[in-house]
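>>> Here is a sequence with its predicted model. Questions after.
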There are 2 protein chains.
Amino acid sequence: MLASTGYGATSSSAPLSKLDFKRREPRPDDVQIDILYCGVCHSDLHTVRNEWGNTVYPVVPGHEIVGRVTAIGKEVTRFKEGNLVGVGCLVDSCQHCSSCAEGLEQYCENGFVGTYNGEEMHSGGMTYGGYSTNIVVRDKFVLHIPENLEPAGAAPLLCAGITTYSPLRQWRVEPGQKVGIVGLGGLGHMGIKLAHAMGAHVVLFTTSPGKREDAKRLGANDVVVSKNSSEMEAHRNSFDFILNTVAAPHPLDPFIELLKRDGTMTLVGAPASPHPSPQVFNLIMKRRRLAGSLIGGIAETQEMLDFCGERGIVSDIEIIRIQDINAAYDRMLKSDVKYRFVIDMASLKQ
Amino acid sequence: MLASTGYGATSSSAPLSKLDFKRREPRPDDVQIDILYCGVCHSDLHTVRNEWGNTVYPVVPGHEIVGRVTAIGKEVTRFKEGNLVGVGCLVDSCQHCSSCAEGLEQYCENGFVGTYNGEEMHSGGMTYGGYSTNIVVRDKFVLHIPENLEPAGAAPLLCAGITTYSPLRQWRVEPGQKVGIVGLGGLGHMGIKLAHAMGAHVVLFTTSPGKREDAKRLGANDVVVSKNSSEMEAHRNSFDFILNTVAAPHPLDPFIELLKRDGTMTLVGAPASPHPSPQVFNLIMKRRRLAGSLIGGIAETQEMLDFCGERGIVSDIEIIRIQDINAAYDRMLKSDVKYRFVIDMASLKQ
């Protein structure tokens, strides 16, 4: 087994603290990676605190990983030592179901293996995430990070980036279309950057008038305060697509009403309690659609990284030391971050 | 003005009774039709009793109309005297918006003119529907009824038929697909017939085990009692498309969970109070979609009629006399009809 050190939690009430653990011995198709940076996703906090009720302790979170390859198994051809690489939310899947065959491993019919708190397919133990010194990942689930991107800023692309990129592509966002992004957080700020880069006219919906200038800096053409009904009314029946990144329960109808005929609103946040029930009438009268989307497949994640590399797109981040992770969680709960914390993993060696 | 006689209501509490009214004088692009049969749709009852709060009295309902052309305006080229024709839910639209330009008059951005209780575009009065001796309709909104179809059975195709045909086409139902139809009433029985004719493997969902045999006779390959959770579970993640025809509020999640990845459930019934809120998680995990659909455009309605003509598809109906319409409404409320009442308009002359 391979020794690793990281930050993790031993119970739902314990703060994150330093702990030693073991990873599987690298297999012939594995890539071993020294972790440089790891983004901090809200899912990390949900899992650490067992808010989804499925956490196995100890848990080491982190699924926005950027690092350098330190060793490869003998069957690995796509990577070599020294490559800048990324690992996102998935580290394995069955590879033989219809979803895996289509490169949609995130919808694996047999269940994908999460980067942390997942059931490891080979050792039988659990997977441990990126708040750690190193990781061992099956080559098919390792991504190339374009060398021109700043590695720390690229880390959140592995979850926040692909989660917003995939539905924008799925619903064929293209130049000239009007696209709404609901919520300006880790996901929303990537949604703005990516939809803008795809050539769309981008409108940010926020409940905070104070975010107006920052949204425009990120690429929004317009900002609508969603609690202002006359501002909302001015956009009625005009959106081709709306990407809703807000996980807190909120009324969906005011956004659905802004869609054109045949427009779609895709939800990427799952609230703990349901949203108020949307009115069927609003779906029927314009043949509108409400959809969901889960991260993205490995091939699409590489496509997104290349897209970002060509355009110099990274996340807006605040770099922290691993020793400050518990304070960062408290700030994340207050949305006090623009727009993603990224852990400098060198701090773990201090 | 053109004199007409029909059955209508003068207030929300009045039963339907015989009344005389006037239609617009035929214009150069109008078709004048003697009505042979008119189907009885639940919308008729909602409107008569002002359950949607927008009824202007007197109201003469009926939008599943089959009749013979008795006169044409001088600009009309597609019809001649004696043609068997149909009129559905729409009799006019702006003809210049983007939806009209695409032949989707039901989504006219300026609002389509309903066949009854609609604002007539020329006289400024209201439109009166098909529970009557005759009707005058703009030629673009008149359909050809294939002469091989039994005219009474063809009448419900104009609303129940197109309302189910359009979403089946929109979501590209094709041979080999597995399609669910929720609810066996006027819409549901047409959904079974049409999806079966499109080559799909059709499963009917019903709360009434007693409908099993009849659903199979209509073309269902399988029948699932939706309150039986083990029967439902056996179909998990297996449907390409589900057409939900039930307008009463009910939980959507048990059906959404039966969709494959990228599967869609389209709702064609708008409940008076909302359905229980669907879980976002079920949409996200399989990238599923929830959509709405409203009747169909004129070109698609003609396509549906031709499709039915080629395959000999009509509605299963019970023919009634106009004098029995109030009793028919009472029976319709108890779902005591297989599967559509159609009024023989000759009875109006007795």
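Looks like it came in fine. Numbering: from 1, shown residues only, chains lettered A, B, ... in the order given.

>>> near chain B, which residues of the stretch 51-200 of chain A show up?
A:98-99, A:104, A:107, A:109, A:170 (Cβ under 8 Å from any Cβ of the partner chain). (Glycine included, C-beta is placed from N, CA and C.)

>>> Now stretch A:292-300: buried residues?
Applying a neighbour-count criterion of 16 or more other Cβ atoms under 10 Å in any protein chain shown, one finds A:292-298, A:300 buried in stretch A:292-300.

>>> What's the end-to-end length of that stretch?
Terminal residues of stretch A:292-300 lie 17 Å apart, using Cα to Cα, to the nearest Å.

>>> residues making contact with it?
Stretch A:292-300 has contacts (Cβ atoms under 8 Å, 6 or more residues apart in numbering or on different chains) with A:88-90, A:102-107, A:140-141, A:143, A:159, A:162-163, A:165-167, A:169-170, A:266-268, A:304, B:280-288.

>>> Quick check: can you list the domain ranges of chain A?
Chain A breaks down into these domains under automatic domain parsing: A:2-158+A:316-349, A:161-292.

>>> Can you add mean pLDDT and give these back as CSV?
Below are the domains of chain A laid out as CSV (pLDDT from 0 to 100):
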stretch, mean pLDDT
domain A:2-158+A:316-349, 96
domain A:161-292, 96
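
>>> could you dump those to TSV with distance to B:Ser132?
Compiled in TSV, the domains of chain A are given as follows (distance: least, Cβ to Cβ, whole Å):
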stretch	distance to B:Ser132
domain A:2-158+A:316-349	54
domain A:161-292	28
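
>>> Of all these, which one is nearest B:Ile322?
Checking the domains of chain A against B:Ile322 by Cβ to Cβ gives domain A:161-292 as the closest, at 30.1 Å.

>>> what distance separates the start and the end of the closest one?
End-to-end distance (Cα to Cα), domain A:161-292: 16 Å.

>>> Would you mind listing the buried residues in stretch A:215-225?
Buried-residue list, stretch A:215-225, by 16+ other Cβ under 10 Å: A:215, A:218-225.

>>> Return that stretch as CSV; C-alpha atoms alone will do.
The C-alpha trace of stretch A:215-225 is given here as CSV (Å, rounded to 0.1, in the frame of the first residue of the first chain):
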residue,chain,number,x,y,z
ALA,A,215,-20.6,39.7,-12.8
LYS,A,216,-19.9,42.1,-15.6
ARG,A,217,-16.2,41.8,-15.1
LEU,A,218,-16.6,38.0,-15.3
GLY,A,219,-18.4,38.3,-18.7
ALA,A,220,-22.0,38.9,-18.0
ASN,A,221,-23.7,41.3,-20.5
ASP,A,222,-26.5,42.1,-18.0
VAL,A,223,-27.3,41.5,-14.4
VAL,A,224,-30.9,41.0,-13.1
VAL,A,225,-31.8,41.2,-9.4
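
>>> what's in contact with that stretch?
A:181, A:184, A:189, A:192-193, A:195-197, A:201-209, A:211-212, A:231-232, A:235, A:316.

>>> mind listing which of the residues you listed are in helices?
Using DSSP state H, the members of the contacts of stretch A:215-225 that fall in helices are A:189, A:192-193, A:195-197, A:212, A:231-232.

>>> Would you write a PyMOL line that selects the buried entries of the residues you listed?
In PyMOL, this line selects whichever of these come out buried by 16+ other Cβ under 10 Å:
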select buried, chain A and resi 189+192+193+195+196+197+212+232
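
>>> ok, residues contacting stretch A:259-269?
By Cβ under 8 Å, 6+ apart, stretch A:259-269 touches A:163-164, A:167, A:170-171, A:183, A:187, A:237-248, A:252, A:255-256, A:286-294, B:98-99, B:104, B:107, B:280, B:283-284, B:289.

>>> ok, 6 Å please
Stretch A:259-269 is contacted by residues A:163, A:167, A:171, A:237, A:239-247, A:255-256, A:286-293, B:99, B:107, B:280 when judged by Cβ atoms under 6 Å, 6 or more residues apart in numbering or on different chains.

>>> Just the ones in helices from the contacts of stretch A:292-300, please.
Using DSSP H, these in helices are A:162-163, A:165-167, A:169-170, A:304, B:280-284.

>>> nearest spatial neighbour of the residue of the stretch 1-150 of chain A found nearest chain B, skipping sequence neighbours?
Going by Cβ to the nearest Cβ, chain B is nearest to A:Tyr107 of the stretch 1-150 of chain A, at 4.8 Å. Of all residues not flanking A:Tyr107 in the chain, A:Ser99 sits nearest, at 4.2 Å (Cβ to Cβ, 6 or more residues apart in numbering or on different chains).

>>> show me what contacts that neighbour?
A:107-109, B:261.

>>> what's the answer for A:Phe21, then?
A:4, A:128.

>>> Just give the strands next to the helix or strand containing it in its sheet, each with its orientation.
If you go by DSSP states H and E, A:Phe21 is part of strand A:17-23. Applying DSSP bridges, strand A:17-23 is found paired with strand A:2-8 (antiparallel).

>>> Using neighbour counts, pick out the buried residues of the partner strand.
A:4-8.

>>> Show me which pair in those residues is furthest apart.
Going by Cβ to Cβ, the pair spanning the buried residues of strand A:2-8 furthest: A:Ser4 and A:Tyr7, at 11.2 Å.

>>> which residue sits farthest out from the middle of chain A?
A:Met285 (33.3 Å; Cα atoms, centre = their mean).

>>> Phi first, then psi, for it.
Note on A:Met285: backbone dihedrals following degrees, to the nearest 10 are phi -70, psi -20.

>>> cool, A:Val31 as well?
Dihedral angles for A:Val31 - degrees, to the nearest 10 - are phi -120, psi 130.

>>> Then the one 3 residues further on?
Backbone geometry at A:Asp34, expressed as degrees, to the nearest 10, gives phi -90, psi 120.

>>> And A:Asp344, by the same measure?
Given degrees, to the nearest 10, the pair of backbone angles that A:Asp344 has is phi -80, psi 110.

>>> is it in a bridge, and if so with what?
A:Tyr37, A:Arg321.

>>> wait, it sits on A:Ile317?
No - A:Asp344 is beyond contact range of A:Ile317, at 10.4 Å (criterion: Cβ atoms under 6 Å).

>>> which one of the two has more residues nearby?
Taking other Cβ atoms under 10 Å in any protein chain shown, A:Asp344 and A:Ile317 do not tie; A:Ile317 has more neighbours (22 against 14).

>>> List the contacts of the more buried one.
A:153, A:340, A:342.

>>> Okay, and the first one sits in which element?
Element membership of A:Gly153 [criterion: DSSP H and E] is helix A:151-154.

>>> Who are the packing partners of that helix?
Counting contacts by 3 or more Cβ pairs under 6 Å, 6 or more residues apart in numbering or on different chains; DSSP states H and E, helix A:151-154 packs against strand A:30-39.

>>> change it to 7 Å
Helix A:151-154 sits against strand A:30-39, strand A:317-321, with contacts defined as 3 or more Cβ pairs under 7 Å, 6 or more residues apart in numbering or on different chains; DSSP states H and E.

>>> Would you mark the buried spots in the first one?
Taking 16+ other Cβ under 10 Å as the basis for neighbour counts, the residues of strand A:30-39 that come out buried are A:30-33, A:35-39.
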